[in-house]
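**Q** My questions are about this predicted structure, shown below with the sequence.
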Amino acid sequence: MINIKWIFFDIGSTLIDESECYKLRYREAVAGTTISPDDFEKKVVEFSKKNLKGDHEAVRYYGIELPPWHKEAEKPYADAESVLKQLSVKGYHLGVIANQSPGTKERLSNWGLLKYFDIVLASAEEGISKPDIEIFYRALTAAKCLPDNAVMVGDRLDNDITPAKKIGMKTVWIKQGLGGLASAMHKMEQADYKIENLTELLELF
């Protein structure tokens, strides 16, 4: 992409693989019921394809409780560090704009990824969450970067692509996790680029 100086990333299902977290959630959600984890997962996928938050909708559908999230099961995608390193070597500044619980920088450090980021803005510390465009403006202000010179990479059309487009950033929809099952329903959900994994970013930058 021409004139891009900053690349901002979401975390969940973008840099970090949450598939094991979801499997644990599915099993715990149906424990003690007659619902199988496979049937529950199918319902999650069904709702996700309708651009809904699949796991939340599935527990509502079945009338059961949503179990806690197992952060300990999160892990970086296999190509995450390699891609971040190569983008850094190419001269891009990297940042994070993510909805996360407290301790985002510590988790990134534990995964060996923090060293690649110049800016990390997470909802818990900022007191504001995506899709509110204010967190995007804060990131750009901290980066001293114009929207035209920045791109947002994320898995969620609602939280990542739409708000970034609203303020004039370029967008890359990475179709990983449940967010990748959604469909763009209007112009503001149409990402500039679509990729299936992080490695494909290197074909764009």
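**A** Right, received. Where do you want to start?
**Q** count of neighbours near the closest residue to C21 other than its chain neighbours?
**A** Leaving aside its chain neighbours, C21 sits nearest to A73 (4.6 Å; criterion: CB to CB, 6 or more residues apart in numbering). (Glycine included, C-beta is placed from N, CA and C.) Neighbourhood size, A73 [other CB atoms under 10 Å]: 15.
**Q** before we move on, what about G54?
**A** Number of residues near G54 (other CB under 10 Å) recorded here: 22.
**Q** okay but it is in contact with F40, surely?
**A** No. The criterion here is CB atoms under 8 Å, and G54 misses it with F40 at 10.0 Å.
**Q** tell me the SS of P131?
**A** Secondary structure state of P131, per DSSP: H, G, I helix; E, B strand; the rest coil, is coil.
**Q** residues touching the closest residue to it other than its chain neighbours, list them.
**A** Spatial nearest neighbour of P131, excluding adjacent residues (CB to CB, 6+ apart): P163 at 4.4 Å. The contact partners of P163, taken as CB atoms under 8 Å, 6 or more residues apart in numbering, are K130, P131, D132, I133, F136.
**Q** chain center to the helix or strand where P163 lies: distance?
**A** Element membership for P163, per DSSP states H and E: helix 162-166. Distance of helix 162-166 from the chain centroid (CA atoms, centre = their mean, to the nearest Å) equals 14 Å.
**Q** Please save the CA atoms from that helix in PDB.
**A** The C-alpha trace of helix 162-166 is given here as PDB (Å, rounded to 0.1, in the frame of the first residue of the first chain):
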ATOM      1  CA  THR A 162     -16.000  -0.100  10.000                       C
ATOM      2  CA  PRO A 163     -14.600   2.300  12.600                       C
ATOM      3  CA  ALA A 164     -11.200   2.400  10.900                       C
ATOM      4  CA  LYS A 165     -12.800   3.200   7.500                       C
ATOM      5  CA  LYS A 166     -15.000   5.900   9.100                       C
END
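**Q** Show the subsequent helix or strand relative to that helix.
**A** Counting by DSSP H and E, the next helix or strand C-terminal to helix 162-166 is strand 170-174.
**Q** Which SSE is immediately downstream of that following strand?
**A** Per DSSP H and E, strand 170-174 leads on to strand 193-195 as the next helix or strand towards the C-terminus.
**Q** Now tell me what touches that next one from outside.
**A** Outside strand 193-195, the residues that touch it by CB under 8 Å, 6+ apart are K170, T171, V172, W173, I174, K175, L201, L204.
**Q** May I ask which of those has the most neighbours?
**A** Ranked by neighbour count (other CB under 10 Å), those have I174 at the top, with 27 neighbours.
**Q** Mind listing the residues bridging to that residue?
**A** Using DSSP bridges, the beta-bridge partners of I174 come out as I195.
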